[in-house]
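Novice: Predicted model and sequence below, questions to follow.
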Amino acid sequence: MDRAFVRLDRLSKRYGQVVAVSNLSLDVARGEVLTLLGPSGCGKTTTLRMIAGLETPDEGAIAFDGVPVLSIAERINLPPERRNIGMVFQSYAIWPHMSVAENVAFPLKVRGLPSAQVVERVRAALAMIGLQGLEDRPATRLSGGQQQRVALARALIHQPALVLLDEPLSNLDVKLREQMRVELKLLQRQLGLTLIYVTHDQTEALGLSDRIAVMHHGRVEQIGTPQALYERPETPFVRDFLGKSVTLSGRVRSVVNGTVAVELACDAGPVIDCDAPAFDLAPGSRVEISVRPEAVRVAEGEERTNGGTLDGVVEAVLYQGDRSECEVRIGGEAIVVFVQPNHAFAPGDRIALALAPNTARVWPK
């Protein structure tokens, strides 16, 4: 990574006895999209508000491009208007008494730019987000997607060094959310923006981010590229929060040459070979294995009769259009797997499942 454009150094924030953020350090490169991902109450919005200057941490420091904007130890705390940031809120914060152009122009007017420059830059900003011709329309006459675009144009109009986005798409319907996700990614690449994006939506995080910081109880549980976090989660929380997992209990049979052989507790399938984890495991240790649902397929023909499969009973089927999600009971455990629509399973059907090679990970239990 290039030299950090945004550096968070040991930030902590408490509200009474509640620790919202604990000793958090992060670096963000120029032009990067970093997403803070996690459930409600994990500290991601508090972190974003501290970067913006809307909350003051109890400890820590923040620097933009090597220049401190906040240091508790040195008593530095620049107000939001001096941090050169743009921000898009979950509610959009569009002023209903203003027109589209007036909403977008507001950051320039408070900075005292000449009227001619304001008009020119507003026109260019609205053209960039596809709202040209709507300059004089009242903000209340806009759809949710259009209001989101206005909020984004207003955040970008003064050419900020950093753009902060707090759940900006959560109020949109599913189809519009998907459309705006693509438009935001294209705009970020076109302008070379540095974005810090807050969301609890895993699909948004995976699709938009260069890196994701998964937060839990005010701390960063793991940080990395979307692919690395999805394929190589380092903790059960990251594994379960970022996508779905098929998880089964077992015991370690052997550990040989970097491979852990796990005997499943359900007595309904083969011994599973997994890559050895960073932690030590001894034969007989209770563990669980996990794979992503897409690494599980329906076994048919000779593969089914030759063994080496997980045999179970379908308990429920949820049709999803491009696939069906089947809850399958294997021994005493229930798992959810994805099957193609051409497999017409019904509750009560027996099913055999095979795992793609080298996809299972082992975890202590």
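Specialist: Received it, and whenever you're ready, just let me know what you need.

Novice: Going by C-alpha atoms from here, please, whenever you check contacts or count neighbours.
Specialist: Noted.

Novice: from the middle of its chain, how far away would the helix or strand where Q190 lies be?
Specialist: Per DSSP states H and E, Q190 falls inside helix 174-191. A distance of 15 Å separates the centroid of the chain from that of helix 174-191, by CA atoms, centre = their mean, to the nearest Å.

Novice: Same check on stretch 146-160?
Specialist: 22 Å.

Novice: again with stretch 18-37
Specialist: 12 Å.

Novice: And for stretch 154-163?
Specialist: 22 Å.

Novice: Stretch 334-353 now?
Specialist: Stretch 334-353 sits 29 Å away from the centroid of its parent chain (CA atoms, centre = their mean).

Novice: now it: mean pLDDT?
Specialist: Per-region confidence: stretch 334-353 scores 90 on mean pLDDT.

Novice: before we move on, the earlier item: pLDDT averaged over the helix holding Q190 - what is it?
Specialist: Here helix 174-191 scores 87 as its mean pLDDT.

Novice: in that helix, what's buried?
Specialist: For helix 174-191, the neighbour count (16 or more other CA atoms under 10 Å) marks R177, M180, R181, Q188 as buried.

Novice: Give me the contact list for the next helix or strand after that helix.
Specialist: On the C-terminal side of helix 174-191, the closest following helix or strand by DSSP H and E is strand 195-199. Strand 195-199 is contacted from outside by 31-38, 44-45, 48, 162-167, 188, 205, using CA atoms under 8 Å, 6 or more residues apart in numbering.

Novice: separation between the residue nearest in space to the middle of the chain and S245?
Specialist: In the chain, the centroid-proximal residue (CA atoms, centre = their mean) is A205; its distance is 3.0 Å. Applying CA to CA, to the nearest Å, the value for A205 to S245 is 18 Å.

Novice: how close does N84 get to M50?
Specialist: 14 Å.

Novice: neighbour count winner among these two?
Specialist: For N84 versus M50, neighbours defined as other CA atoms under 10 Å are more numerous around M50 (20 against 15).

Novice: What is the neighbour count of the closest residue in space to the more buried one that isn't next to it in sequence?
Specialist: Spatially, and ignoring its direct neighbours in sequence, M50 is nearest to T56 (5.8 Å; CA to CA, 6 or more residues apart in numbering). Residue neighbour count, defined by other CA under 10 Å, stands at 20 for T56.

Novice: ok, now F106?
Specialist: F106 has 17 neighbours, counted by other CA under 10 Å.

Novice: what's downstream of the helix or strand harbouring it, the next helix or strand?
Specialist: F106 belongs to helix 100-110 when assigned by DSSP H and E. Sequence order places helix 115-128 as the next helix or strand after helix 100-110, per DSSP H and E.

Novice: just the angle between that following helix and helix 100-110, please?
Specialist: Regarding helix 115-128 and helix 100-110, their directions subtend 130 degrees when assessed with axes from the mean of the first three to the mean of the last three CA atoms, to 10 degrees.

Novice: Could you count how many residues lie near the residue lying closest to R49 once chain neighbours are set aside?
Specialist: In space, and not counting its chain neighbours, R49 is closest to E55: 5.4 Å by CA to CA, 6+ apart. Using other CA under 10 Å, E55 has 15 neighbouring residues.

Novice: E55 belongs to a strand, doesn't it?
Specialist: No - according to DSSP: H, G, I helix; E, B strand; the rest coil, E55 belongs to no strand; its state is coil.

Novice: gap between it and A278?
Specialist: Going from E55 to A278 by CA to CA gives 38 Å.
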